[in-house]
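1. sequence plus the predicted model coming up.
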Amino acid sequence: MLDSFQMANQGAVRKILKGVSISDGYALPLDKQGVHDQRYMLTFNINQGRFKERNQRYDALMDAIQPGVRRYNVFWYAIEKSGVAPSDTPITCPREFILVPASQAEKAAKGYNRFHCYHYAEIADMASYLALDASRGIESVATIWGTPTQFRDPNCVGFKINGAWTYNSCVPRDDAMRDYADFVNFLAERWNDDIRGRFKHFIIWNEVANADWFDTSPQYNVTKLPTPAEVNYWIDKYVAMLRVSHDAIQRHFKGASPALMYVSLDRIYKTPGKCPPTGFQHCHIGGRQMLQGIWDRINTTIDWSVAVHPYGDPNKSDWDQHGMYTFADLHYVIQDQLDNLRKYGVADPTTAPQAMLAASEQGWHGEGALATGLANNLCVAHRVVTNYTELIWVTHNDFQGVRPNDYPGFVPMEAQLNLTGTPDSVVLNAYKATNRNTWALDPDNWCCQQLKIGCPANTTGGVTQV
């Protein structure tokens, strides 16, 4: 029987996590709706030099949604792309790149393994966003992914996406793990104060039970069903990445500000061993098997959480028929985590970081009439997120289109930078309904008017629907 999960009261005192390391003392965000706005910002070059436009964008987002988090794809290959090999001693970097760390003294003081050349413009853009996040009280999320060419095995097979081959999903070689650790160390060290901003959420890689996105070839043939030994290698490799990521985060966040580190999973969960031709180019070991492997290896010795990708119709369960989760099934994943916490003797598992899930990526661009279907699903998803304390934030993929009729963009491009171009946009109005000052408070919000979701209690004859 499932636990009776605690209802998330948006006006309540923020719940505080009890961890053993980086997440101890973290206060859950009251504003659960977040944005993944990076594609729009990059497409229209709203970078560090365009102060007026950046501030207009942030003001519009705060007025409309009041997002609790902003999620960024932080691609290692985009920052360390000079091709210059790292070194134990200082090196000369090409133009447009900076030396990290800056000196032997900084290397020792800040915990770096080697010297690297990182791209200045990429860092400056990220710095401009994080400072604005901090000024608006928005928590910044880093999805860390993408191994540079020099750190991956040259025989890694890669996979095809959008008609082109990519090898960025290839995991770092074992002898390059210290360089991966340095990259996470840089993100944690560079941004770690209330002025410049900080990443408070670190998602380690992407959909790591799927070899399309977590490619350990050529150590094993990722198109064939893995043996138990190969599954162990797969999980061991990811756990090694979790450990060095955790150590880098802890080095710079200890005593400063709690942070969360996440395992990233797609929605294939119950059934392991899916291989081509099931729809993927490579094999999949199942999210539950990946999580169980992590529990067997690190359990509660370090703090970690789970980032889920609940694609699929949020009104329908895919659990029994397909072994997958949608928003309607996330309580099963939470229950697995709570059961394991109890197994390892945690007295109050509902305050442990391992019980916390973030719905960091999902979209519904084939569900019903595009705009109305997106708006409806956004409302349904937010109902789920606000009804469970363990679902701590959500970012849909992605916030705004960059061309006409552009899906995966939720809000149409025509809404423009300041979100006033299409005041009748049903998707934008659904987003506005999820604002903490509107949801379950204002009976005129779009979700309440259209779907009777997110209404004040006295307008529906009871609490917000579950």
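-> Perfect, thanks for sending it.

2. sec struct for S245, please.
-> Assigned by DSSP: H, G, I helix; E, B strand; the rest coil, the conformation of S245 is helix.

3. what about it, how many residues nearby?
-> Counted with other Cβ atoms under 10 Å, the neighbours of S245 add up to 27. (Glycine included, C-beta is placed from N, CA and C.)

4. can you check R196 too?
-> Counted with other Cβ under 10 Å, the neighbours of R196 add up to 12.

5. gap between it and I46?
-> Separation of R196 from I46 (Cβ to Cβ, to the nearest Å): 19 Å.

6. now do Y220
-> 43 Å.

7. quick one, which of those two is more surrounded?
-> Comparing Y220 with I46 by other Cβ under 10 Å, the one with more neighbours is I46, at 21 against 17.

8. unless I'm mixing things up, the more buried one is touching Q56, no?
-> No. Here I46 does not reach Q56: they are 9.1 Å apart, not a contact under Cβ atoms under 8 Å.

9. shared neighbours, the two?
-> Counting by Cβ atoms under 8 Å, 6 or more residues apart in numbering, the shared contacts of I46 and Q56 are L417.

10. show me where the stretch 201-350 of the chain has strands.
-> Assigned by DSSP state E, counting those that start in this stretch, the stretch 201-350 of the chain shows strands spanning 260-265, 305-308.

11. among those, which is the most enclosed?
-> Among the strands of the stretch 201-350 of the chain, strand 305-308 has the highest mean neighbour count (mean count of other Cβ atoms under 10 Å), at a mean of 27.

12. for that one, list the C-alpha coordinates in CSV.
-> These are the backbone C-alpha positions of strand 305-308, laid out as CSV (Å, rounded to 0.1, in the frame of the first residue of the first chain):
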residue,chain,number,x,y,z
SER,A,305,18.0,12.9,-5.3
VAL,A,306,16.2,11.9,-8.6
ALA,A,307,15.4,14.0,-11.7
VAL,A,308,12.5,12.4,-13.7
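
13. and the strands in the stretch 1-150 of the chain, which stretches?
-> 69-75, 97-100, 116-119, 139-145.

14. can I get those strands in TSV including distance to T438 and mean pLDDT?
-> Shown next, in TSV, are the strands of the stretch 1-150 of the chain (distance: least, Cβ to Cβ, whole Å; pLDDT from 0 to 100):
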stretch	distance to T438	mean pLDDT
strand 69-75	18	97
strand 97-100	43	98
strand 116-119	40	98
strand 139-145	20	98
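
15. any chance of those in a markdown table, plus mean neighbour count and distance to D153?
-> Shown next, in a markdown table, are those (neighbours: other Cβ atoms under 10 Å; distance: least, Cβ to Cβ, whole Å):
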| stretch | mean neighbour count | distance to D153 |
| --- | --- | --- |
| strand 69-75 | 23 | 19 |
| strand 97-100 | 19 | 24 |
| strand 116-119 | 22 | 20 |
| strand 139-145 | 23 | 17 |
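
16. distance to P310 for the ones you listed - can I get that in a markdown table?
-> Converted to a markdown table, the strands of the stretch 1-150 of the chain look like this (distance: least, Cβ to Cβ, whole Å):
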| stretch | distance to P310 |
| --- | --- |
| strand 69-75 | 15 |
| strand 97-100 | 36 |
| strand 116-119 | 33 |
| strand 139-145 | 16 |
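
17. fine, thanks again, bye for now.
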